[in-house]
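Chemist: turn this into a structure:
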Amino acid sequence: MANPKRKVSKARRDKRRTHWVEKPINPVECSRCHEYKLSHHVCLSCGYYDGEKIIPEKKKKEAKTT
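Modeler: As a prediction, this is how the structure comes out:
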C-alpha cells in the first residue's frame, strides 16, 4: 500500500483544491411569462420549454357547498 514519503504542505494541498468551489447559478428570464428560471430547464411558472407545453396545468378542485 502506497504511503506518502513527505508531508504535503498546506500551500500545495490548497492549490489542488482551488477548483472545488461551487459556481453561482445564472437564472435567465422566461421568454413566455418573464419569470426567472434555470437555463435549459422547464419554466416552473408557465410549464413551457422551447415553445412547447411540458407541464400540464393543474385542475382546480371545486369547493363543496353544503
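Chemist: now for Cys43, how many residues are close by?
Modeler: 21 (other C-beta atoms under 10 Å). Yep, even glycine has a C-beta here, placed from its N, CA and C like the rest.
Chemist: got the contact list for it?
Modeler: For Cys43, the contacting residues are 30, 32-33, 35, 37, 49, by C-beta atoms under 8 Å, 6 or more residues apart in numbering.
Chemist: and the two most separated of those?
Modeler: By the measure C-beta to C-beta, those have their two most distant members at Glu35 and Tyr49, which lie 13.2 Å apart.
Chemist: quick one, which of the two is more surrounded?
Modeler: Comparing Glu35 with Tyr49 by other C-beta under 10 Å, the one with more neighbours is Tyr49, at 16 against 12.
Chemist: quick one: the more buried one from Lys59, how far?
Modeler: Summarising the geometry, the distance separating Tyr49 from Lys59, computed by C-beta to C-beta, to the nearest Å, is 21 Å.
Chemist: ok, now Ile25?
Modeler: The value you get for Ile25 to Lys59, if C-beta to C-beta is used, is 32 Å.
Chemist: again with Arg13
Modeler: The gap separating Arg13 from Lys59 is 57 Å, by C-beta to C-beta.
Chemist: give me the more crowded residue out of those two.
Modeler: Neighbours per residue (other C-beta under 10 Å) separate Arg13 from Lys59, with Arg13 holding more: 10 against 6.
Chemist: helix, strand or coil: sort out the more buried one for me.
Modeler: Put simply, Arg13 is helix when judged by DSSP: H, G, I helix; E, B strand; the rest coil.
Chemist: got it, and His19?
Modeler: Of the three states, His19 takes helix under three-state DSSP.
Chemist: number of nearby residues for it?
Modeler: A count of nearby residues for His19, using other C-beta under 10 Å, gives 6.
Chemist: now do Cys46
Modeler: Around Cys46 sit 18 other residues, with neighbours defined as other C-beta under 10 Å.
Chemist: the closest residue to it other than its chain neighbours is in what secondary structure piece?
Modeler: The shortest distance from Cys46 to any non-neighbouring residue, by C-beta to C-beta, 6 or more residues apart in numbering, is to Cys33 (4.2 Å). Counting by DSSP states H and E, there is no helix or strand that carries Cys33.
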